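[1] Next input, structure requested:
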Amino acid sequence: QVQLVEAGGGLVQAGGSLRLSCVASGGTFSSYVMAWFRQAPGKDREFIASIRWSSTNSYIKDSLKGRFAISRDNAKNTIYLSMNTLKLEDTAIYYCAADLVYNRGRYDATFWGQGTQVTVSS
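    Down below sits the predicted model:
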């Protein structure tokens, strides 16, 4: 069983930056595609980024390119989501996930972290 622990959320002013981290352990997490999702109040969960442990390939949702970046540190079993120039609409709970899948027209994952709250204030 894969365990995922996120950290790094918090309250930040618009225009500021945050870096979220996700430490993975257990199971065969290194074989999975890792991802970040977010869920804003009253909205559906949204897939925003993914990365592989064994490749430099990564994905960032088009609307977030230039502000968000995903990276990993294999030695620390950790993936990161760097968020810059944060906007009010970035306020959400951010979830780390492992074993990204595409099912019934949407992205999902097998393993989930507990989520970390990001609140952007004006």
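
[2] List the buried residues for the helix or strand hosting Cys22?
    Using DSSP states H and E, Cys22 maps to strand 18-25. Neighbour-count burial for strand 18-25 flags 18, 20-24 (criterion: 16 or more other CB atoms under 10 Å). From N, CA and C alone the C-beta is placed, and that goes for glycine too.

[3] Within its sheet, name the partner strands of the top strand by length along the chain and how each one runs.
    Scanning the chain for the strand with the most residues, using DSSP state E, yields strand 92-103. Looking at strand 92-103 with DSSP bridges, its partner strands are strand 33-39 (antiparallel), strand 106-112 (antiparallel), strand 116-121 (antiparallel).

[4] Columns mean pLDDT and mean neighbour count on top of the ones you listed, output as CSV?
    Formatted as CSV, the strands paired with strand 92-103 follow (pLDDT from 0 to 100; neighbours: other CB atoms under 10 Å):
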stretch, mean pLDDT, mean neighbour count
strand 33-39, 97, 23
strand 106-112, 95, 17
strand 116-121, 98, 17
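
[5] Of those, which is nearest Gly8?
    Closest of the strands paired with strand 92-103 to Gly8 is strand 116-121, at 6.4 Å (criterion: CB to CB).

[6] got a list of contacts for that closest one?
    For strand 116-121, the surrounding residues in contact (CB atoms under 8 Å, 6 or more residues apart in numbering) are 6-14, 16, 18, 20, 38, 83, 86-95.

[7] Please check these and keep the buried ones.
    Buried among the contacts of strand 116-121 (16+ other CB under 10 Å): 6, 8-9, 12, 18, 20, 38, 83, 86, 90-95.

[8] picking that back up, how big is the angle separating the longest strand of the chain from strand 18-25?
    Strand 92-103 runs at 50 degrees relative to strand 18-25, counting by axes from the mean of the first three to the mean of the last three CA atoms, to 10 degrees.

[9] mind saving the C-alpha coords of strand 92-103 as PDB?
    This file holds the C-alpha atoms of strand 92-103, laid out as PDB (Å, rounded to 0.1, in the frame of the first residue of the first chain):
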ATOM      1  CA  ALA A  92      -8.200  24.800  -3.200                       C
ATOM      2  CA  ILE A  93      -7.300  21.600  -1.400                       C
ATOM      3  CA  TYR A  94      -4.300  20.200  -3.200                       C
ATOM      4  CA  TYR A  95      -3.900  16.400  -3.300                       C
ATOM      5  CA  CYS A  96      -0.900  14.300  -4.200                       C
ATOM      6  CA  ALA A  97      -1.800  11.000  -5.900                       C
ATOM      7  CA  ALA A  98      -0.100   7.900  -7.200                       C
ATOM      8  CA  ASP A  99      -0.900   5.600 -10.100                       C
ATOM      9  CA  LEU A 100      -2.600   8.100 -12.400                       C
ATOM     10  CA  VAL A 101      -5.300   6.500 -14.500                       C
ATOM     11  CA  TYR A 102      -7.700   7.800 -17.100                       C
ATOM     12  CA  ASN A 103     -11.200   6.300 -16.600                       C
END
